[in-house]
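In: Output the structure for:
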Amino acid sequence: MTTSASVLFVAHGSPLFALHPGAAGAALAELATTLQRPQAVLVISPHWETELATVGTASQLDTIHDFAGFDPALYAIHYPASGSPRGAQQVVEALQSAGLPVSTDPERGLDHGAWVPLSYMFPAADVPVVPLSIQHHGGPEHAFRVGQALAPLTEQGWLIVASGNITHNLRDWQQASRGGAVDTSYAQRFSDWVAAQLSTGQVEALLHYRQRQPDAERTHPRDEHLLPLFTALGAAGEGSRARAIHRGISDHVIAMDSYVFEQTV
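Out: You can find the predicted model right below:
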């Protein structure tokens, strides 16, 4: 069965997700088989932060190994994605039409927040990819507005893939990984809260999650990994609901929850 869904939020976890797909990777691969083939993929990763919304315009996208100290096998992985300068211009125009300042980068490749999930969804790297940066200083409201500006692309055959993690506290991850005593229960509570808001379309609550959810500050000491979710919400538009394709905590405190946004009206 195929779905017409064109907006996703996908988890990318730690770089080791590239070597150990588990159930989260299998869910992404299965989801891809149900999607209509897009003309191009717009991927938003929290590992590319810029002052202005910046669109990658390269024809060939280098695989960026933006991490250190991991299994050497990770550095041997290359995802040979092609870019789309013409498609990138469509993204630029969509953002400009919404009154958002835009920049371009002719050299930007794909960081692990982009190439790892895409490698499970499109292992043949046979769909053009355009990367888009985030603006941490703008917060959830700006990320949501960016998504709204991108919404028209979904009617032109684009697939918007917002990559991040519903929970992301690296300090607790490191401490727990070393066997330290860490109360990790907050990660599940926050994940459950987000799931409940998404299932009922509570956009305002999500945009103000730091005021609405008691574990928010600990779950996201810095919220760059959650910002792509708000872009997905904006792009999905009114009348959409998020359906979880996978939920689960990995590496003690990292939620690997992924969602597809579907229209209900």
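In: The stretch 1-150 of the chain: helices as residue ranges?
Out: Ranges of helices in the stretch 1-150 of the chain, per DSSP state H, counting those that start in this stretch, are 22-34, 85-97, 112-121, 139-150.
In: Taking helix 22-34 as reference, get the angle to the shortest one.
Out: Comparing the axes of helix 112-121 and helix 22-34 via axes from the mean of the first three to the mean of the last three C-alpha atoms, to 10 degrees yields an angle of 60 degrees.
In: So which bits of helix 112-121 are buried?
Out: Across helix 112-121, burial judged by 16 or more other C-beta atoms under 10 Å covers 112, 113, 114, 115, 116, 117, 118, 119, 120, 121. The C-beta positions use only the backbone N, C-alpha and C, and glycine is treated the same way.
In: Look up how far residue 191 lies from residue 165.
Out: Using C-beta to C-beta, to the nearest Å, we find residue 165 at a distance of 10 Å from residue 191.
In: on that earlier part again, just name the most buried of the helices of the stretch 1-150 of the chain.
Out: With neighbours defined as mean count of other C-beta atoms under 10 Å, those peak in mean count at helix 112-121, which reaches a mean of 26.
In: Show residues contacting that one.
Out: 10-13, 15, 17-18, 21, 25, 28-29, 31-32, 41, 43, 45-48, 63-67, 77, 79, 81, 110, 125, 129, 131, 161, 163-164 (C-beta atoms under 8 Å, 6 or more residues apart in numbering).
In: Make a PyMOL selection of the buried ones in those residues.
Out: To isolate in PyMOL the members of those that are buried, counting by 16+ other C-beta under 10 Å, one can use:
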select buried, resi 10+11+12+13+15+17+18+21+25+28+31+32+41+43+45+46+47+48+63+64+65+79+81+110+125+129+131+161+163+164
